[in-house]
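J.: Sequence first, then the predicted structure, then my questions.
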Amino acid sequence: MVGTSSPSTLSELLNEVLKINEQTLDDNDNSKKQALHVHPMRQALFDVLCETKEKTVLSVRNPVDEAPEDPQLMRLDNMLVAEGVAGPDKGGTLGSDASGGDQADYRQKLHQIRVVYNDELRKYEDACAEFTQHVRSLLKDQSQVRPIAHKEIERMVYIIQKKFSGIQVQLKQSTCEAVMILRSRFLDARRKRRNFSKQATEVLNEYFYGHLSNPYPSEEAKEDLARQCNITVSQVSNWFGNKRIRYKKNMAKAQEEASIYAAKKNAHVTLGGMAGNPYGMLPGAAAGLLNPYQMTSIPGQDTLHMGMPPFDLSVYNPQLMAQYQQQMENNDKS
DNA sequence: GATAATGATTGCGC
DNA sequence: GCGCAATCATTATC
């Protein structure tokens, strides 16, 4: 029937359109297309078909309205923002313990990841927009010959965007992995310690032996020491933690060291008074003599000697202290 | 290369 | 959250 003569009735035209819809139009079958396009009932029937289709599609739930936020995608997004890859550039702060050089290196590497990520993301977005536009125009073209509901187009767009979203998730995942690898590398690098400068160690030791009776610097004191030594407050805390433990463990050597710092302090006192020692009455290791550790741990001195050592506390002399210790050891032997 | 020294980390208790 | 103790990992010294 089709092809030989134009459809004369509404039902004939409908059958014709449905057939065409099923088979899709063959570009070579121009006469058939032509016949349809010029039929006086064409527009009316086409409108009816569109309306019917629109009603049918309306009953289908719109996936766009109901799509829940993908929790995995949300996690990835949050992480990328937190790490400074997505969102505003935070400069890639590592930890306060990382050294300056490492920080700069880390920032540079993170910036590279950020650039690559944003570049790829833009490419995907552009490709997605381009493909969506292409499909839209294709559907628009097809709407000339078959009824296409608006919701149908939106659904198609949604499917396309979901496909591209899947690719984006992969991109975000691999970016997160890259950041994790970078982070772990630099966190490991933090273990690559460098010894503090001699000057910094001097400052810390002076404070420690100057406060042996209470070697627990306050937060303010730690900040002050950190400034003086050009290290972080947590490094100061670490140093004091280690120092207290090791002082206890190796009292003999610590005593020797205490004498050195006491002598230094003494020289300072002679020259400049008691400035800088909040325990003014007990300069240097003299304060250490009253510290709780010494009462139990000095080799050869298992108990605290009740008698005070033979020196004047106000002008502590390390040599006299050494003599005193020697004397006590001799007493223990005899 | 062995050893000591030292800064950092971890697990635990308070 | 802080400090202690044990331990790890690196650096310095011999």
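T.: Great, that's in hand. Residues are numbered from 1 along each chain as shown, chains lettered A, B, ... in the order given.

J.: Kindly report the domain assignment for chain A.
T.: A:10-59, A:65-189, A:198-333 (automatic domain parsing).

J.: I'd like the average pLDDT over the second one.
T.: Meaning domain A:65-189. Averaged over domain A:65-189, pLDDT sits at 76.

J.: is DNA strand B contacted by stretch A:212-229?
T.: No. Using C-beta under 7 Å from any atom of the strand, stretch A:212-229 never reaches DNA strand B; the gap is at least 9.6 Å. To be clear about C-beta, it is placed using only N, CA and C from the backbone, and glycine gets the same treatment.

J.: could I get that stretch in CSV with only the CA atoms?
T.: This file holds the C-alpha atoms of stretch A:212-229, laid out as CSV (Å, rounded to 0.1, in the frame of the first residue of the first chain):
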residue,chain,number,x,y,z
LEU,A,212,65.5,20.3,86.4
SER,A,213,63.2,20.5,89.4
ASN,A,214,60.3,20.8,87.0
PRO,A,215,61.4,20.1,83.4
TYR,A,216,58.0,20.7,81.9
PRO,A,217,57.9,23.9,79.9
SER,A,218,54.6,25.6,79.7
GLU,A,219,52.9,26.2,76.3
GLU,A,220,54.2,29.7,76.3
ALA,A,221,57.7,28.5,77.2
LYS,A,222,57.5,25.9,74.4
GLU,A,223,56.5,28.5,71.9
ASP,A,224,59.3,30.7,73.0
LEU,A,225,61.8,27.8,72.8
ALA,A,226,60.4,26.8,69.4
ARG,A,227,61.0,30.4,68.1
GLN,A,228,64.5,30.5,69.5
CYS,A,229,65.4,27.1,68.0
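
J.: So for that stretch, what gets flagged as buried?
T.: A:212, A:215, A:217, A:222, A:224, A:225, A:226, A:228, A:229 (16 or more other C-beta atoms under 10 Å).

J.: Over to stretch A:138-151?
T.: A:143, A:145, A:146, A:147, A:148, A:149, A:151.

J.: ok so, going back, looking at the buried residues of stretch A:212-229, which one is closest to residue A:259?
T.: residue A:212 (11.9 Å; C-beta to C-beta).

J.: From DNA strand C, how far off is that closest one?
T.: 12 Å (C-beta to the nearest atom of the strand, to the nearest Å).

J.: Over to residue A:251?
T.: 12 Å.

J.: try residue A:214
T.: 10 Å.

J.: same question, residue A:42
T.: For residue A:42, the distance to DNA strand C - C-beta to the nearest atom of the strand - is 76 Å.

J.: Would you map the helices across the stretch 101-250 of chain A?
T.: Taking DSSP state H, counting those that start in this stretch as the test, the helices found in the stretch 101-250 of chain A are A:150-189, A:198-210, A:219-229, A:233-249.

J.: Report the buried residues of the first one.
T.: This points to helix A:150-189. Buried residues in helix A:150-189 (16+ other C-beta under 10 Å): A:151-153, A:155-158, A:160-161, A:164-165, A:168, A:171-172, A:175-176, A:178-179, A:182-183, A:186.

J.: quick one, what contacts residue A:69?
T.: Contact analysis of residue A:69 by C-beta atoms under 8 Å, 6 or more residues apart in numbering lists nothing.

J.: Helix, strand, or coil at it?
T.: Counting by DSSP: H, G, I helix; E, B strand; the rest coil, the backbone at residue A:69 sits in coil.

J.: Tell me the one of the buried residues of stretch A:212-229 nearest residue A:125?
T.: After measuring the buried residues of stretch A:212-229 against residue A:125 - C-beta to C-beta - the closest member comes out as residue A:226, at 46.0 Å.

J.: wait, that closest one sits on residue A:237?
T.: No. The pair residue A:226 / residue A:237 is not scored as a contact, 9.3 Å apart, by C-beta atoms under 8 Å.

J.: re the thing from before, switch the helices of the stretch 101-250 of chain A over to TSV; also include distance to DNA strand C.
T.: Shown next, in TSV, are the helices of the stretch 101-250 of chain A (distance: least, C-beta to the nearest atom of the strand, whole Å):
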stretch	distance to DNA strand C
helix A:150-189	7
helix A:198-210	9
helix A:219-229	7
helix A:233-249	4
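
J.: With distance to residue A:74 added, can I get the ones you listed in JSON lines?
T.: Shown next, in JSON lines, are those (distance: least, C-beta to C-beta, whole Å):
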{"stretch": "helix A:150-189", "distance to residue A:74": "11"}
{"stretch": "helix A:198-210", "distance to residue A:74": "45"}
{"stretch": "helix A:219-229", "distance to residue A:74": "38"}
{"stretch": "helix A:233-249", "distance to residue A:74": "33"}
